[in-house]
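J.: sequence? don't have it. structure:
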């Protein structure tokens with residue numbers, strides 16, 4: 001039976017569940033760049049002061065399309081003392097330094113904000129793996145799920161309503177979690193993960209992190225009635241990490257967390273950037289309800305009708321395909337005609353593989369701030385065309 005969902009949120013949920021609709025949802029990834037431009041604010045102000053879920057609601061509502069966003073599930077450790085100081089570097093750059101005092105030790109991390117680009121971590125807390133890591137992890141895992149401000153999450157869900165699918169940001173894969181806390185980030189973490197002497201410690205740490213994610217998801221479902229969760233990524237993709245390390249360290253955790261969330265009767269969306277064809281069978285095996293954004297080259301490896309058919313055939317109507325409209329070549333540099341052509345190609349591949357009910361027309365990464373509005377509209381109009 002083909003349905004005609006009445007709201008953008010319901011259309012997204014139906015696509016995650018594989019329920020046939022008269023058309024697929026159209027969900028450009030409005031994340032930071034475009035919403036900041038839409039609201040007329042710089043990225044420092046946007047990241048630090050603008051309620052993210054409200055900004056997305058304004059953009060999705062204006063464009064009358066479907067979409068997804070995230071509410072971040074923030075926890076705290078009551079045993080820690082935290083001091084935060086801002087330092088203005090120049091007129092367009094700000095640094096925020098956070099010092100955590102915990103069990104007689106001091107840990108510092110620094111985030112840099114700029115007016116034109118999203119923030120990034122310039123200093124992570126774990127500098128010394130032997131002395132810092134055990135205590136820092138005790139601090140992180142001491143952030144009990146009970147410290148979640150459930151009222152804040154429920155308020156965000158109520159404020160968004162049916163405008164789009166607001167998901168709980170559950171976290172990131174294990175490598176990302178480790179690298180985000182390790183000074184030196186990706187480079188330092190890769191060397192750690194290649195060191196056989198550190199493997200027992202890392203396996204133990206992964207088990208604790210997995211338990212933590214499952215406990216958090218369980219608490220959010222019971223206290224906030226969250227319908228869907230998103231697991232993000234930064235380094236944890238095969239374009240950076242490679243298939244061997246990803247399969248060894250991230251895939252097992254993802255399988256177990258996805259299964260736990262399904263056992264709760266809820267949905268999971270995995271955000272997986274970069275090349276995917278070497279692991280697309282793995283992504284199907286993990287069992288998430290939706291994967292995105294299936295990027296085109298040079299960032300990804302899905303370009304053209306034949307590659308789309310190959311990917312969708314492997315997914316085999318078991319995982320919803322979201323994404324693939326090129327954010328730079330098509331949405332920023334293209335014309336309305338090229339946008340429409342690319343969207344039509346994605347829809348045709350889905351029809352020809354029986355994946356139309358498992359399709360979301362999305363962008364292959366977030367929509368850039370310089371994207372012409374007419375190209376966004378062309379994407380939405382072509383996506384909605386039956």
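T.: Great, that's in hand. Everything numeric here is computed off the predicted structure, so don't read it as measured data.

J.: tell me the centre residue of this protein?
T.: Nearest residue to the geometric centre of the chain (Cα atoms, centre = their mean): residue 232, 3.3 Å.

J.: check contacts around it.
T.: Residues counted as contacts of residue 232 (Cβ atoms under 8 Å, 6 or more residues apart in numbering) are 70, 169, 171, 172, 176, 271. For glycine as for every other residue, the C-beta is placed from the backbone atoms N, C-alpha and C.

J.: Residue 162: which of these is nearest?
T.: When the contacts of residue 232 are compared for distance to residue 162 (Cβ to Cβ), residue 70 wins out at 16.8 Å.

J.: Please work out how many residues are found near residue 126.
T.: As a burial measure, residue 126 scores 23 neighbours (other Cβ atoms under 10 Å).

J.: Got phi/psi on the closest residue to it other than its chain neighbours?
T.: Spatial nearest neighbour of residue 126, chain neighbours left out: residue 132 (4.5 Å); criterion: Cβ to Cβ, 6 or more residues apart in numbering. Backbone torsions of residue 132, given as degrees, to the nearest 10, read phi -90, psi -40.

J.: Is it correct that residue 132 is in contact with residue 124?
T.: No: here residue 132 does not reach residue 124: they are 9.8 Å apart, not a contact under Cβ atoms under 8 Å.

J.: Doesn't residue 297 lie inside a helix?
T.: No: assigned with DSSP: H, G, I helix; E, B strand; the rest coil, residue 297 falls outside any helix and is coil.

J.: Skip the chain neighbours and tell me the closest residue to it.
T.: residue 303 (5.2 Å).

J.: Now do the SS call for the one you found.
T.: coil.

J.: Residue 183 and residue 122: what is the separation?
T.: 10 Å (Cβ to Cβ, to the nearest Å).

J.: higher neighbour count, the two?
T.: Between residue 183 and residue 122, residue 183 has the larger neighbour count (other Cβ under 10 Å), namely 18 against 13.

J.: so what's residue 360 bridging to?
T.: Beta-bridge pairing of residue 360 under DSSP bridges involves residue 322.

J.: count of neighbours near it?
T.: When counting by other Cβ under 10 Å, one arrives at 28 neighbours for residue 360.

J.: repeat for residue 159
T.: Using other Cβ under 10 Å: residue 159 sits among 14 other residues.

J.: can you check residue 172 too?
T.: Neighbours of residue 172 (other Cβ under 10 Å): 21.

J.: how near is the closest residue in space to it that isn't next to it in sequence to residue 204?
T.: Spatial nearest neighbour of residue 172, excluding adjacent residues (Cβ to Cβ, 6+ apart): residue 232 at 5.2 Å. Remark: distance between residue 232 and residue 204 (Cβ to Cβ) = 24 Å.

J.: Now residue 55: closest residue in space, sequence neighbours ignored.
T.: Nearest to residue 55 is residue 35, by Cβ to Cβ, 6+ apart, at 4.4 Å.

J.: what does residue 80 give?
T.: Computed as Cβ to Cβ, 6+ apart, the closest residue to residue 80 that is not its neighbour in sequence is residue 102, at 4.5 Å.

J.: One more: residue 143?
T.: residue 75 (3.8 Å).

J.: my read: the one you found touches residue 144, true?
T.: Yes: the criterion here is Cβ under 8 Å, and residue 75 meets it with residue 144 at 7.0 Å.

J.: quick one on the thing from earlier: most widely separated two among the contacts of residue 232?
T.: It's 70 and 176 that sit farthest apart of these, by Cβ to Cβ, at 15.0 Å.

J.: packing partners for the longest helix along the chain?
T.: Longest helix in the chain, counting residues (DSSP state H): helix 199-224. Packing partners of helix 199-224 (3 or more Cβ pairs under 8 Å, 6 or more residues apart in numbering; DSSP states H and E): helix 133-141, helix 150-160, strand 165-171, helix 174-181, helix 251-263.

J.: Do I have it right that residue 145 meets residue 215?
T.: Yes: the criterion here is Cβ under 8 Å, and residue 145 meets it with residue 215 at 5.2 Å.

J.: More neighbours: which of those two?
T.: Neighbours per residue, other Cβ under 10 Å: of residue 145 and residue 215, the larger number sits with residue 145, 18 against 15.
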